[in-house]
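K.L.:
could you work out the structure for the sequence below:
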Amino acid sequence: MVKRLIMLAGVAVLAAAFAAPAVAAEPVRDTIVQNNVVQGQTSCGFLVWEIHLTAERFRFFDNDGSLVRVQVHIREDNTLTNVTTGETFREGPVSFMQTTIFTDEGPRIVATGMAVNIFGQAFKDVGRVVINPFTGDIEFSAGPHPLREAQSEGNVLEGFCGLWA
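P.N.:
Modelled structure (predicted):
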């Protein structure tokens with residue numbers, strides 16, 4: 001009887017070992033630090049947007065090694081200057097999550113959080129937005145997104161002109 005119980009326990013352990021679910025690889029993590037300047041003529045003047053960005057990026061792969069999702073937690077503290085008027089605004093600090101999802105229908109970018117916050121002004125780009133990265137079209141939007149909407153129309157800086165409206 002004891003011998004039979006030991007044999008059954010051994011079979012159960014082997015069965016459990018081989019029946020363990022497949023586990024996807026750990027995400028690959030890295031840190032991105034960038035300083036960029038976006039500038040150009042708009043309907044409200046010549047704008048200079050100095051972007052100081054730090055991001056934690058996580059890349060997720062399936063069991064076959066294919067990239068399925070990229071998730072980036074972005075933090076920025078920027079300045080915006082209207083060279084025409086001489087006004088400078090602090091833009092930030094902001095924090096948002098930007099996720100790129102790869103599907104059979106193509107990739108989609110989902111941004112959630114506060115992407116723009118002009119200090120001391122009621123000017124924000126905040127909420128959730130889903131963008132087709134190939135066309136730039138906004139497929140879903142909840143919350144005010146003046147910069148994302150201007151970007152989909154071709155000039156992201158034009159979205160700041162609401163400050164001078």
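
K.L.:
just the C-alpha atoms of stretch 60-67, please, in CSV.
P.N.:
Listed in CSV are the C-alpha atoms of stretch 60-67, where the atom choice follows Å, rounded to 0.1, in the frame of the first residue of the first chain:
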residue,chain,number,x,y,z
PHE,A,60,7.1,42.5,-23.9
PHE,A,61,7.6,39.4,-26.1
ASP,A,62,5.5,36.2,-26.6
ASN,A,63,6.9,32.7,-26.3
ASP,A,64,8.1,32.8,-29.9
GLY,A,65,10.1,36.0,-29.2
SER,A,66,7.8,38.3,-31.2
LEU,A,67,7.3,41.8,-29.8
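
K.L.:
name the residues of it that are buried.
P.N.:
When burial is assessed from 16 or more other C-beta atoms under 10 Å, stretch 60-67 yields the following buried residues: residue 60. Placement of C-beta: from N, CA and C, glycine included.

K.L.:
how distant is that stretch from the center of its chain?
P.N.:
A distance of 19 Å separates the C-alpha centroid of stretch 60-67 from that of its chain, computed with C-alpha atoms, centre = their mean, to the nearest Å.

K.L.:
now the helices for this protein?
P.N.:
Counting by DSSP state H, the chain has these helices, from start to end: 2-18, 146-152.

K.L.:
show me the contacts for the residue most central in space within the chain.
P.N.:
What sits nearest the mean C-alpha location of the chain, by C-alpha atoms, centre = their mean, is residue 98, with 1.1 Å. By C-beta atoms under 8 Å, 6 or more residues apart in numbering, the residues touching residue 98 are 71, 72, 74, 109, 110, 111, 112.
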